[in-house]
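Participant: I would like the atomic coordinates for the input below:
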Amino acid sequence: MARVTELICYPVKGCAGTPVSEAVLTPAGLAYDRGLMVISEDGVFRTQRRDPRLALIRPAVSADGRRLVLHLADDADGHGAVRIDVTTSAPRRDVDLFGTAFRGIDQGDDAAAWLSGVLGTPSRLVRVPPEHDRIADGLVPGPSGYADSSAVHLLSAASLDLLNRRMAERGAPPLPMNRFRPNIVVDGDDWAAVPHAEDRARRITVAGTELGYAKPAVRCAVTLVAQEAGARRGPEPLRTLAGYRRAAGGGVVFGAKFSVITPGKLSAGDEVTVTEWGEAER
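Facilitator: Presented below is the predicted three-dimensional model:
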């Protein structure tokens with residue numbers, strides 16, 4: 001039986017994930033997931049591709065989403081923490097996400113000053129506005145906040161196990177799941193025990209919710225960032241993935257993106273059932 005073994009929310013895009021035992025699944029993914037984003041002064045989103053220190057920032061959002069605390073895992077630099085009241089009434093500003101224009105609600109000077117100090121470059125924090133109407137593409141399109149693409153990233157433990165075995169054959173050490181920043185990790189002794197079964201899952205039900213397959217997860221340089229160090233650590237896993245997970249359109253794929261068909265509530269330990277299968281996209 002396949003089950004959810006991990007649920008991870010990323011309240012601030014690019015920053016560290018927050019493991020949770022249960023979460024509300026909204027039409028745009030886990031509640032508050034990628035609902036906030038760090039941007040440059042000219043509105044371009046910040047990413048670990050260019051700012052790996054984002055990984056050191058630990059966000060904590062209140063249950064109602066109205067309060068946010070940002071702190072560093074190991075505050076050796078003495079930045080302390082910043083606490084803000086998340087607002088939806090502040091002025092909107094233009095933001096740029098992968099070259100597409102959206103809007104964001106500026107979260108004020110305190111958050112901006114703290115982030116600028118930690119990252120060493122002028123930065124601001126914005127929130128997805130209530131009127132945000134982005135629809136991510138894919139086999140099953142769906143609403144999405146500031147995620148790279150679709151609302152939910154699902155990865156099986158079996159896929160990571162296979163990657164780590166292949167890396168070991170090259171003399172490389174194993175990598176933890178957090179290198180790939182999934183929302184839902186699935187493990188079990190049926191489909192989830194087969195590496196990359198998530199590539200073929202077209203409809204998934206979990207505790208009354210339903211997910212629809214959107215696309216494979218094309219991996220980028222973020223996977224090179226050691227999340228606990230906030231720094232790049234060599235060519236893995238992209239070097240090994242290039243040997244067996246190349247996508248027809250370029251790059252490598254690992255994990256799958258899903259849209260939310262039926263919202264609800266998820267918990268660690270929930271049974272995961274595939275109700276429709278298809279052919280893997282490569």
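Participant: Would you agree P129 is in contact with G104?
Facilitator: Yes - using C-beta atoms under 8 Å, P129 is in contact with G104, at 6.9 Å. Every C-beta, even on glycine, is put in place using the N, C-alpha and C of the backbone.
Participant: Common neighbours of the two, please.
Facilitator: R92 (C-beta atoms under 8 Å, 6 or more residues apart in numbering).
Participant: Give me the distance between L139 and D42.
Facilitator: 34 Å (C-beta to C-beta, to the nearest Å).
Participant: more neighbours, the two?
Facilitator: With neighbours defined as other C-beta atoms under 10 Å, L139 and D42 compare such that L139 has more, 15 against 9.
Participant: quick one: contacts for the more buried one?
Facilitator: With C-beta under 8 Å, 6+ apart, L139 has these contacts: 202, 212-215.
Participant: what's the answer for L238, then?
Facilitator: L238 touches 219, 221, 223-224, 252, counting by C-beta under 8 Å, 6+ apart.
Participant: same check, this time on E198
Facilitator: By C-beta under 8 Å, 6+ apart, the neighbours of E198 are 154-156, 159, 186, 255-256.
Participant: coming back round to it: please pick the buried ones from the contacts of L238.
Facilitator: 219, 223-224, 252 (16 or more other C-beta atoms under 10 Å).
Participant: how far is stretch 45-54 from where the chain is centred?
Facilitator: Mean C-alpha position of stretch 45-54 versus that of the full chain (C-alpha atoms, centre = their mean, to the nearest Å) differs by 13 Å.
Participant: Buried residues, it. List them.
Facilitator: Those buried within stretch 45-54 under the rule 16+ other C-beta under 10 Å are 45-48, 51-54.
Participant: avg pLDDT for it?
Facilitator: Averaging pLDDT along stretch 45-54 yields 97.
Participant: Going by residue numbers, what spans are strands in the stretch 1-150 of the chain?
Facilitator: 2-9, 12-13, 18-20, 22-26, 29-30, 36-40, 57-61, 67-72, 81-85, 92-97, 100-106, 123-127, 135-136, 142-143 (DSSP state E, counting those that start in this stretch).
Participant: and of these, who's closest to P182?
Facilitator: strand 2-9 (6.5 Å; C-beta to C-beta).
Participant: which residues are in contact with that closest one?
Facilitator: So strand 2-9 is in contact with 17-23, 30-33, 157, 177-178, 181-192, 206, 266-274, going by C-beta under 8 Å, 6+ apart.
Participant: Which helix or which strand is home to the residue nearest to A247 when sequence neighbours are not counted?
Facilitator: Computed as C-beta to C-beta, 6 or more residues apart in numbering, the closest residue to A247 that is not its neighbour in sequence is V253, at 4.8 Å. V253 belongs to strand 252-262 when assigned by DSSP states H and E.
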